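>>> Build me a model from this:
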Amino acid sequence: MKIVIIGAGSRCFGAGMVKDILQAEELRSLPLELALVDIDSDALAQMTKLTKKICEYTGSSAIVTSHTDRKAALQG
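Residues are numbered from 1 along each chain as shown. Purely as a prediction, here's the structure:
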C-alpha cells in the first residue's frame with residue numbers, strides 16, 4: 001500500500017501523520033510505502049530522515065520515498 005503525504009515537510013503535520021500511520025495496527029501487516037511530498041527540499045530531507053528514524057523505532061519495514069513533485073509521488 002502506498003500512502004502519499006503532501007506537505008510532509010511541515011514538522012507538526014508531517015511528523016504527527018507519519019507517527020500515526022506507522023503505529024496503526026491495521027497497517028502493520030501490509031507492505032507499506034510512505035511517499036513524502038513537499039516543495040521545500042530542505043524540510044523534505046529533514047522529514048525523510050526523521051521518518052526513517054520513526055520506522056526504526058516502531059519496527060516498521062515501510063519504504064520511505066521523498067518527492068518535490070507531487071505528480072511523480074501520486075503515480076502508482
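>>> Name whatever forms a beta bridge with the residue nearest the centre of the chain.
Geometric centre of the chain, nearest residue: Leu34, 4.0 Å, by C-alpha atoms, centre = their mean. Under the criterion DSSP bridges, Leu34 forms beta bridges with Ile3, Val64.
>>> Roughly how far does it sit from Leu44?
Leu34 sits 12 Å away from Leu44, going by C-beta to C-beta, to the nearest Å. C-beta: built from backbone N, CA, C; applies to glycine.
>>> I'd guessed Leu22 sits against Glu56; true?
No. Judged on C-beta atoms under 8 Å, Leu22 makes no contact with Glu56 at a distance of 10.2 Å.
>>> if you count what's nearby, which of the two comes out ahead?
Leu22 (19 against 9; other C-beta atoms under 10 Å).
>>> list the contacts for the more buried one?
Applying C-beta atoms under 8 Å, 6 or more residues apart in numbering to Leu22 gives the contacts 34, 54-55, 58, 60, 62.
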